[in-house]
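**Q** Task: produce atomic coordinates for the following.
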Amino acid sequence: MIAGKPHLVSALGKSMNGPASEAGPIGIPKNRLAQVFAIRHIANMSSTSTVSTRLDKQDLALIKALAELEGCDRATLVKSLLRKGMAHLRREHAIRAFRRDEVSLSKAAELAGLDLWDFLALMESEKLDIHYDVADFEQDLSQLPAIP
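**A** This next block holds a predicted model:
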């Protein structure tokens, strides 16, 4: 159980102290990776770090204007932009890897942070083909048991 956060465990439906599994795309075990993402969206984690960057006046003015439009402060807007940007980069990396036939369909979905069905839906707009040809089909057929 996570100290002081029993609702997080119940929201996940499992304990964070389960057995380790195969490493995910960034070295975190897959079961832990899913839990980390779920927890991040369920509650604002108490430990944060500061990231700073230098912006020119035009970018700073744009951030200020967008924050006003969104009805939030600059820090909240920048966090939202970073999250959206990171999600976009994850999808772009997964699409590129799948297009080059470097990863399987399920691995591409995992890298994109999407479930398989959402990645399949994304494939049409990205003009991606499923890497499954006649040879793959024949191999799958040969592995099926004979029907009497």
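
**Q** Grab the nearest non-local neighbour of R99.
**A** With sequence-adjacent residues excluded and distances taken as C-beta to C-beta, 6 or more residues apart in numbering, R99 is closest to L128, at 6.1 Å. C-beta here means a position set from N, CA and C on the backbone, and glycine is covered the same way.

**Q** Which pLDDT value belongs to the one you found?
**A** L128 carries a pLDDT score of 84 in this model.

**Q** Next: the one 3 residues further on.
**A** As summarised for this prediction, H131 has a pLDDT of 73.

**Q** What about it, how many residues nearby?
**A** 13 (other C-beta atoms under 10 Å).

**Q** Walking through the protein, point out its helices one by one.
**A** Counting by DSSP state H, one finds helices in the chain at the ranges 6-12, 30-42, 57-70, 74-99, 105-112, 116-125, 134-143.

**Q** which parts of the third one are buried?
**A** Residues of helix 57-70 classed as buried: I63, A67 (neighbour count, 16 or more other C-beta atoms under 10 Å).

**Q** Can you spell out which helices and strands pack onto it?
**A** helix 74-99 (3 or more C-beta pairs under 8 Å, 6 or more residues apart in numbering; DSSP states H and E).

**Q** got the angle for the helix it packs on vs helix 57-70?
**A** Helix 74-99 runs at 100 degrees relative to helix 57-70, counting by axes from the mean of the first three to the mean of the last three C-alpha atoms, to 10 degrees.

**Q** now the helices of the chain as CSV including mean pLDDT and distance to S49?
**A** Shown next, in CSV, are the helices of the chain (pLDDT from 0 to 100; distance: least, C-beta to C-beta, whole Å):
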stretch, mean pLDDT, distance to S49
helix 6-12, 38, 20
helix 30-42, 54, 14
helix 57-70, 94, 20
helix 74-99, 93, 12
helix 105-112, 89, 24
helix 116-125, 88, 30
helix 134-143, 74, 45
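
**Q** what about stretch 124-140, start to end distance?
**A** Distance across stretch 124-140, first residue to last, is 25 Å (C-alpha to C-alpha, to the nearest Å).
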